[in-house]
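S.K.: my questions concern the predicted model and sequence given below.
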Amino acid sequence: MNIDIDLEKIETKGFLDIEIDPTLDLFEEINKLKKEKNAVILAHFYQDGDIQDIADYIGDSLGLAQNAAKTDADMIVFAGVHFMAETAKILNPTRKVVLPDLNAGCSLADSAPADAFRKFKEKYPDHIVVSYINCTADIKALSDIICTSSNAKAIIDSIPEEQPIIFAPDKNLGAYINKVTGRNMVLWNGSCMVHEIFSLEKILRLKTRHPEAKVLAHPECEEAVLKASDFIGSTTQILKYAQNDDCQTFIVVTETGILHQMMKDSPHKTFIPAPPDNGCACNDCPHMKLNTLEKLYLCMKYEQPELLMDETILIAAKKPIERMLEISRQAGLIGG
Ligand code: 13P
Ligand code: SF4
């Protein structure tokens, strides 16, 4: 590898100072790097359209974890956020995992600091911990089973009814799962900044203007928004619903990145992004959108920033993820 830049600086500050020749065809260069380095690009549906188009696999959190678990690539390039790349590393401790921007975090993962969660857990010694995959590796290491929005119900249903459960960190997904399973899980008080910002009032107004439209919402949204929805599901489930349903117009209550695949899958249908409760017309996840095609190219070229993890945490966090993969396999659940 021909390195003429300060790799340590990339590690801490990212690729801010590095210029790319504007005449380069980044799609072609990225494809070349993929072959040269035997790399695989895994991307979440909330990434920019360009990144989704160059990825080897685009999916929801479950699909991404399942694909990370079976890859034989030498380098995993994770176009998503930090906790997703961590999951890929936990499942592939000997492979190199790089991500376009090390600062691509998650407000939901940040809402559960490990020390505070450890103390919270101590108050419920007879409870087991089910954590949503949108949490740090430290929280995963303190958990018994991980779940995603695709398999949360199946995971909870697999636990004996008399077993008390702590669900962390998303209180909205936890409350929704309590409702559909009839459980009374103790909920950690965390949430996603993107899904909490949708305005019920504006969604209802949109519904009045488009009475033919169906409202599709992610379970990270607040209860009032979920109540006003026609379908609730993970990104993949929302995508499939829009593809297969006869309805022609959908109000989409999740991050805008998903619209790229929706429009590709069903170009003749109309997708209206639900408005947030602020002056802005967009509802992008600021963490997901830190990744750009340029940074993706640079991270593959320089193989930086690389995700490195503490060995003890890595080992402890692997068990609950493997339990999730096993329960999902038994239930025939495959993320998209
Ligand atoms: P899913 O990919 O499980 O739908 O979750 C969405 C999300 O918030 C990822 O950050
Ligand atoms: Fe985290 Fe929400 Fe962004 Fe997903 S959309 S990465 S949960 S902040």
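M.R.: That came through fine. Ligands and ions are numbered 1, 2, ... in the order given.

S.K.: what's the pLDDT at Asn283?
M.R.: For Asn283, the pLDDT comes out at 85.

S.K.: for Asp17, same thing?
M.R.: Model confidence at Asp17, expressed as pLDDT, equals 67.

S.K.: cool, and Gly332?
M.R.: Gly332 is given a pLDDT of 84.

S.K.: can you tell me how far it is from ligand 2?
M.R.: Taking C-beta to the nearest ligand atom, to the nearest Å as the measure, Gly332 falls 26 Å from ligand 2. C-beta coordinates here come from the backbone N, C-alpha and C atoms, glycine included.

S.K.: nearest residue to the middle of this structure?
M.R.: In the chain, the centroid-proximal residue (C-alpha atoms, centre = their mean) is Ser61; its distance is 4.7 Å.

S.K.: which ones are touching the residue nearest to that residue when sequence neighbours are not counted?
M.R.: For Ser61, ignoring the flanking residues on the chain, the nearest one in space by C-beta to C-beta, 6 or more residues apart in numbering is Thr148 at 4.2 Å. When the contact criterion is C-beta atoms under 8 Å, 6 or more residues apart in numbering, the partners of Thr148 are Asp60, Ser61, Leu62, Ala65, Tyr132, Ile133, Ser234, Met324, Gly335.

S.K.: which residues does Ile128 bridge with?
M.R.: Partner residues in beta bridges with Ile128, using DSSP bridges, are Ile165.

S.K.: near it, how many other residues are there?
M.R.: Residue crowding around Ile128 was assessed by other C-beta atoms under 10 Å; the count is 15.

S.K.: pretty sure it is touching Ile166, no?
M.R.: Yes - under the criterion of C-beta atoms under 8 Å, Ile128 makes contact with Ile166 at 7.3 Å.

S.K.: surely Ala43 forms part of a strand?
M.R.: Yes - if the criterion is DSSP: H, G, I helix; E, B strand; the rest coil, then Ala43 is within a strand.

S.K.: I'd guessed Ile139 sits against Phe117; true?
M.R.: Yes - between Ile139 and Phe117 there is a contact at 5.8 Å, judged by C-beta under 8 Å.

S.K.: show me which of those two is the more surrounded one.
M.R.: When Ile139 and Phe117 are compared for neighbours, Ile139 comes out ahead with 27 against 24, by other C-beta under 10 Å.

S.K.: could you check how far the helix or strand harbouring the more buried one is from the centre of its chain?
M.R.: Using DSSP states H and E, Ile139 sits in helix 137-141. If you compare the mean C-alpha spot of helix 137-141 with that of the full chain, they lie 16 Å apart, counting by C-alpha atoms, centre = their mean, to the nearest Å.

S.K.: who are the packing partners of it?
M.R.: Judged by 3 or more C-beta pairs under 8 Å, 6 or more residues apart in numbering; DSSP states H and E, helix 137-141 is in contact with helix 82-91, helix 114-122, helix 311-330.

S.K.: tell me the most buried of those helices?
M.R.: Relative to the other members of the helices and strands packed on helix 137-141, helix 82-91 carries the highest mean neighbour count by mean count of other C-beta atoms under 10 Å, namely a mean of 25.
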